[in-house]
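Colleague: quick one, what's the 3D model for this:
(2 chains)
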Amino acid sequence: MDTNSLTPHGPDAAHISGLFWLMVTMGTVIYIVTMTALVVALFRGRQGARPSRFSDNAFIVGGGVVVPTLVLFVLAFATVRATNKVTAPRRDAVRLEVVGYQYWWRVEYHTPVRATTANEVHIPVGRPVDITLTSVDVNHSFWIPELAGKVDTIPGQRNLLHLQADKAGTYRGQCAEFCGLQHTHMAMLVIAEPQADFDRWVRTQARPAAAGSAVFEHQSCAGCHTIRGTSADGTLGPDLTHLAGRRTLGAVTAPNTAQNLAKWIHNAQDFKPGSLMPPVPMDPAELDALVAYLETLE
Amino acid sequence: MTTTLEPAGQAEPAEEQVEVVWHDAPGLVGFLTSVDHKRIGMRYISTAFVFFFLAGVQALVMRVQLAGPNESVLSPRTYNELFTMHGTSMIFLFNTPVLAGFGNYLLPLQLGTRDMAFPRLNAFSYWVFALAGTFMYLGEFIGRAPDAGWFAYVPLSARAFSPGVNLDFWGLGVIFVGVSTTVGAVNFIVTIFKMRAPGMSLSRMPVFSWSILVMAFMVLFAVPALTVGTALLEADRLFGTAFYDPSRGGDVLLYQHLFWFWGHPEVYILLVPAMGMISMIVPTFARARLAGYVWVVTSLVGIGFVSFGLWVHHMFATGIPPQALGFFSAASMTISIPSGTLIFAWIATLWRGSVRWSTPLLFCLGFASIFVMGGITGVMVAALPFDLQAHDTYFVVAHFHYVLVGGVVFPIFAGLYFWLPKMTGRLLSEGLGTWSFWTMFTGFHLGFFPQHILGLMGMPRRVYTYDAGLGWDTLNLLSTIGGFLFGLGTLLTVVNIVRSRKRGAPAGPNPWEADSLEWSVPSPAPHYNFLTVPVVDGRHPLWSVPAGGASGALQRATPLTAGLEAEPEPEIMEVPEETYVPFLTAVGLAIVVVGLLVEQAVVGVVGLVVALAALGVWLWRTDGDLQ
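Modeller: All right, here's what the predicted structure looks like:
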């Protein structure tokens, strides 16, 4: 999967990559000119020092003051333009909230219906999205390189990120602010889909689970996880009401298969050493029943 | 106690008589008690290089882990400890002190005096640095190395998320080492203002000395912010205050502001002396005077000022309103103007001159070609929108290694090849030096250039591994190979230095035909530096006819001067005898720091008593230092 900031799939990332290419072009020219001057300077006095047609001041003021000032003016103009583009408020934006946890993301929708999920952000394609960002523990940073720049999630603070996907697809990103032992495995997926599919998905997420599970509710699971519609209402870990509909486990650490799920429950530390989910010892029959139940949570 | 200045122009005293006055205690006693700026300077440099190689090994171990996807050479915890100690060591324990070491060794020689203004404070400063460095590494030896990054952002570094003593080794160590940097800066400033040889007006002072002056003032304004930031962190950790705890009304970003108010100027605190070195070496090998002396000095001072207006560019992604960020974005770009001025001053110097090729010059050219690239990527990340993509990715890792390795480590190596012959009396091998340079240069680009691309491809910093299939594999492998090549290159210089101690050709006083006063004395420089303190009548004292001397070395003393023009003062400064007092004061402070670490008041009080007692003895006998 690509996470290349230079293959933008949304206007925000496109403005930034445009600015990047402008700067790289200007930078390359400046570099080549400066290095050429250096090399010529090194070799022109081979046969002994030769007087220069340019005065020292002409060199220094020209190369060190005038040219950089002109270049910076162009650059400042381009920077201000791109800044205005990526920070401008959007009309008709889809609003959602992402909350950073060690080491996963809680995703909350308030409209059109209230819904909660984790590590997967679904958005309608072609529409602006405003993401409010905060954290419950340490600093993290939310970043989908193909769609937009990054913004930190900071406890006690609510930051805003604009993004938009112009093409349906799955975009990967990962936490960009060092947040502890499993900073490495704190990725997320943004899934851009047509408006109708998105609406259907949100409504699904909003529904409670059809049934509960004795194992889930009596084992330690319910202490940390919520399954809406059952008595499990823990809030330390991800909401699992629609776990089976997600593509990955452990914030894009492993594909969401029954086998991985069983292994994850047995000892999440094997996948993600340092994850806050402790090993859950249970007998195989219980584990099978639990996995079978979780697999029904579409 | 002060005495009057001897009449100028007297005959040179005999060396044998002078040696008796300036005797050095041999062995361990001399090691612990010396206040000679040259011994202290060399000690700074060699201790700093120990940390350089430790940090280098840490980097290579990390590169092994990252050579391919999903490697498991290191545990996540070990990886976090390694990158924390790598950054901490390179900034606090290598780059800063190694430059202080060059400053210590060279400043009195370049200024034409016999020691620093406060020789005992100078020794104290070294001991604090050595003990603070050891303290920070103690955690590593007992398996409790700090692991929250060299910047230790809250809340991750708060007790709630980092409960062990690991972070206290970092926090207390940073406060402790700040003492060394601060007193060192005061010493540099007073030495420059009071002890330049008669006639060395500020407008005749060598550019390296100027760069040390700028660096020292920057330290005085920047380090307090770091000390406060870290002290508040330690207060939160040890005493349960809530400066940075948002759940009790504290503010997370306050820490970042304090840290970067020091942290950004710190980059220039390192770059300015490095550029000062380049400004000495380039004219020597161009065999021409430095072009635009006034431009160069003005640029160094300008960098010093502007660098205090950039710190928020480390915080572009923290949600500060874009209107405020615009100021810091613009300020960050303008620093390229004084930097560009310096580059073109050096090019103009070479343009007029006739180059003599040598290893120090090679390292200067390596500096220029790498640093200009780091400057260009620096302007790029100063552009706010682009930084939102590049921030905290390998693009930034590449950028600041281009700046700090290209801009500081290469000049330090240039400085080693240039000034080590002065320090040891032996020339280094040009052949080995050339090999070392080209290995380092190639290894550097191979190691760090691919990291720009990795960052653009979405690879964040501080990850201990990555998945296959993201397209990051080959570039990471190249980067690892380059890292090892760079490491090999630095080892060739070590071999060169070791070899030179026995087999190096004698250097003589001025092997490079350079123009500044350190080259007027024998190599290695004698304890008293100058038999008679010179009188300076121009910017290039060794390239003009030498003037008469001012003060003989028959007393353990050196003349004082005043004002911009360095006019002789009626009084002179006595250079103190060797003493244990600075060492003991530093040890006392180290015990206080350990007391805070283990949270035992008794230990702290013992340390305080030791430090105060030593300080008492120190202040009782003030006759040595400048008053």
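Colleague: can you report how many residues lie near the one residue in the stretch 1-150 of chain B that gets nearest to chain A?
Modeller: Shortest the stretch 1-150 of chain B-to-chain A distance, computed as CB to the nearest CB: residue-wise this is B:Pro76, at 4.8 Å. (Glycine included, C-beta is placed from N, CA and C.) Other residues within reach of B:Pro76 by the criterion other CB atoms under 10 Å in any protein chain shown amount to 21.
Colleague: need the contact list for B:Ile91.
Modeller: Contact analysis of B:Ile91 by CB atoms under 8 Å, 6 or more residues apart in numbering or on different chains lists B:150, B:266, B:270.
Colleague: and which of those residues is nearest B:Glu19?
Modeller: Distances from the contacts of B:Ile91 to B:Glu19 were compared by CB to CB; the smallest belongs to B:Leu270, at 37.5 Å.
Colleague: just the pLDDT for that closest one.
Modeller: For B:Leu270, the pLDDT comes out at 97.
Colleague: CA-only coordinates of stretch A:180-187 in CSV, if you can.
Modeller: Written as CSV, here are the backbone C-alpha positions of stretch A:180-187 (Å, rounded to 0.1, in the frame of the first residue of the first chain):
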residue,chain,number,x,y,z
GLY,A,180,5.9,5.2,23.5
LEU,A,181,6.7,1.5,23.0
GLN,A,182,4.3,0.8,20.2
HIS,A,183,4.4,4.1,18.4
THR,A,184,5.5,2.0,15.4
HIS,A,185,2.3,0.0,15.3
MET,A,186,-0.2,2.8,15.6
ALA,A,187,-1.4,3.1,12.0
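Colleague: can you tell me if that stretch touches chain B.
Modeller: Yes. Using CB under 8 Å from any CB of the partner chain, stretch A:180-187 reaches chain B at A:180-184.
Colleague: quick one on the thing from earlier: hmm, A:Phe178 and the residue of the stretch 1-150 of chain B closest to chain A touching each other?
Modeller: No. Contact criterion CB atoms under 8 Å: B:Pro76 and A:Phe178 do not qualify, at 11.5 Å.
Colleague: for chain B, which strand is longest?
Modeller: If each strand of chain B is counted by residues according to DSSP state E, the longest one is strand B:567-574.
Colleague: what residues sit buried inside that strand?
Modeller: For strand B:567-574, the neighbour count (16 or more other CB atoms under 10 Å in any protein chain shown) marks B:568-569, B:572-574 as buried.
Colleague: following element in sequence after it, please.
Modeller: The element immediately downstream of strand B:567-574 (helix or strand, assigned by DSSP states H and E) is helix B:581-597.
Colleague: in the stretch 51-200 of chain A, what residue is nearest chain B?
Modeller: With CB to the nearest CB as the measure, A:Gly149 is the residue of the stretch 51-200 of chain A nearest to chain B, at 2.4 Å.
Colleague: for that residue, which three-state class applies?
Modeller: Look at A:Gly149: counting by DSSP: H, G, I helix; E, B strand; the rest coil, its state is coil.
Colleague: what residues does the stretch 1-150 of chain B put near chain A?
Modeller: Contact residues, the stretch 1-150 of chain B versus chain A (CB under 8 Å from any CB): B:75-77, B:80, B:148-149.
Colleague: now do the end-to-end distance for stretch B:299-315.
Modeller: The distance separating the two terminal residues of stretch B:299-315, taken as CA to CA, to the nearest Å, comes to 26 Å.
Colleague: which SS class is the residue most central in space within chain B?
Modeller: Compute the mean C-alpha point of chain B, and by CA atoms, centre = their mean the closest residue is B:Thr96, 2.4 Å away. Of the three states, B:Thr96 takes helix according to three-state DSSP.
Colleague: quick check: closest non-adjacent residue to it.
Modeller: The shortest distance from B:Thr96 to any residue other than its chain neighbours is 6.2 Å, reached at B:Thr181 (CB to CB, 6 or more residues apart in numbering or on different chains).
Colleague: any figure for the gap between the one you found and chain A?
Modeller: Counting by CB to the nearest CB, to the nearest Å, the gap between B:Thr181 and chain A amounts to 26 Å.
Colleague: which SS class is that residue?
Modeller: For B:Thr181, the assignment made with three-state DSSP gives helix.
Colleague: all strands of the chain, in order?
Modeller: All of this is about chain A. Under DSSP E, chain A gives strands at A:94-101, A:104-109, A:115-118, A:120-124, A:129-135, A:140-142, A:151-153, A:159-163, A:169-174, A:187-193, A:248-249, A:254-255.
Colleague: other chain: chain B
Modeller: With DSSP E as the criterion, chain B has strands spanning B:532-534, B:549-552, B:557-562, B:567-574.
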